[in-house]
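**Student:** fold the following and give me the result.
(one chain, ligands or ions: 1)
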Amino acid sequence: MKIAVYPGSFDPVSNGHLDIIERVAKVFDKVYVVVAINAQKKYTFTIEEKIEMLKKVTCHIPNVIVDQCSELVSIYSKKVNANVIIRGLRNFNDYQDEISLFQFNRSISPDIDTFALFPSANNLFLSSSTIKELILFNASIEQYVPKEIVSFVTKTIKERQHK
Ligand code: ADP
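**Tutor:** Modelled structure (predicted):
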């Protein structure tokens with residue numbers, strides 16, 4: 001069975017993330033979409049909220065499992081018998097970060113590989129922080145976030161952005 005792990009902050013999940021998930025789910029038998037906790041980052045949404053949003057927007061993909069991970073992603077991947085970690089590559093900044101992460105994961109778990117996917121054209125410039133910026137300036141996020149979560153994301157970011 002081909003199993004992949006797609007880790008990220010998903011703060012919040014965007015159409016860019018969903019596009020990657022849908023494409024990967026066509027190639028692998030099982031895809032674990034995993035909310036990873038990076039101690040150096042400050043998040044807007046709680047883990048429970050991120051998991052709920054991810055479940056909502058992936059419920060049409062039967063081979064996707066949403067989970068969280070508080071250990072290293074390579075250790076988590078071994079635990080669920082995945083041998084591939086999925087990452088998205090938007091630009092040169094992502095490339096620089098991802099190549100280090102790849103080497104790091106490889107040094108811990110040489111038998112787990114990383115596959116990087118390019119985003120579809122309309123998601124190239126999309127990030128979770130862009131979504132927050134749009135809301136801050138009262139612009140619509142409808143074309144960037146799955147429709148099921150647009151109002152929750154807008155309301156929550158508005159409530160928390162000044163805290
Ligand atoms: P990070 O790991 O930097 O916190 P995220 O959690 O937002 O990033 O995203 C998880 C993964 O999804 C990363 O590999 C990131 O490059 C990728 N990604 C983020 N936004 C997009 C997008 N718009 N299109 C494709 N991939 C993306």
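**Student:** now do the buried residues in the helix or strand harbouring residue 23.
**Tutor:** Assigned by DSSP states H and E, residue 23 falls within helix 15-27. For helix 15-27, burial by neighbour count (16 or more other Cβ atoms under 10 Å) applies to 15-21, 24-25. Quick note: C-beta positions are derived from backbone N, CA and C, even for glycine.
**Student:** so which of those residues is the closest to the ligand?
**Tutor:** The closest of the buried residues of helix 15-27 to the ligand turns out to be residue 16 (Cβ to the nearest ligand atom; 2.0 Å).
**Student:** do I have it right that that closest one meets residue 121?
**Tutor:** No. Under the contact definition of Cβ atoms under 8 Å, residue 16 does not touch residue 121, with a separation of 10.9 Å.
**Student:** run the chain-centre distance for the next helix or strand after the helix holding residue 23.
**Tutor:** Beyond helix 15-27 on the C-terminal side, the first helix or strand identified by DSSP H and E is strand 30-36. Taking the mean of its C-alpha atoms, strand 30-36 sits 8 Å from the chain's own mean (Cα atoms, centre = their mean, to the nearest Å).
**Student:** what strands line up against strand 30-36, and which way round?
**Tutor:** For strand 30-36, the paired strands and their directions (DSSP bridges) are strand 3-8 (parallel), strand 64-69 (parallel).
**Student:** returning to that earlier point: out of the buried residues of helix 15-27, who's near the ligand?
**Tutor:** Within the set of the buried residues of helix 15-27, contact with the ligand (Cβ under 6 Å from any ligand atom) is found for 16-17, 20.
**Student:** elements contacting the lowest-mean-pLDDT helix or strand in the chain?
**Tutor:** For the chain, using mean pLDDT, DSSP states H and E, the weakest element among its helices and strands is helix 92-108, scoring a mean of 93. Applying 3 or more Cβ pairs under 8 Å, 6 or more residues apart in numbering; DSSP states H and E, we find helix 92-108 packed against helix 73-79, strand 84-88, strand 113-117.
**Student:** coming back round to it: can you tell me which of the buried residues of helix 15-27 lies closest to residue 74?
**Tutor:** When the buried residues of helix 15-27 are ranked by distance to residue 74 (Cβ to Cβ), residue 24 comes first, at 17.6 Å.
**Student:** just checking, that closest one touches residue 86?
**Tutor:** Yes. Because the distance of 5.3 Å satisfies Cβ under 8 Å, residue 24 is recorded as touching residue 86.
**Student:** so what sits against both of these two?
**Tutor:** By Cβ atoms under 8 Å, 6 or more residues apart in numbering, residue 24 and residue 86 have these common neighbours: 4, 6, 31, 117.
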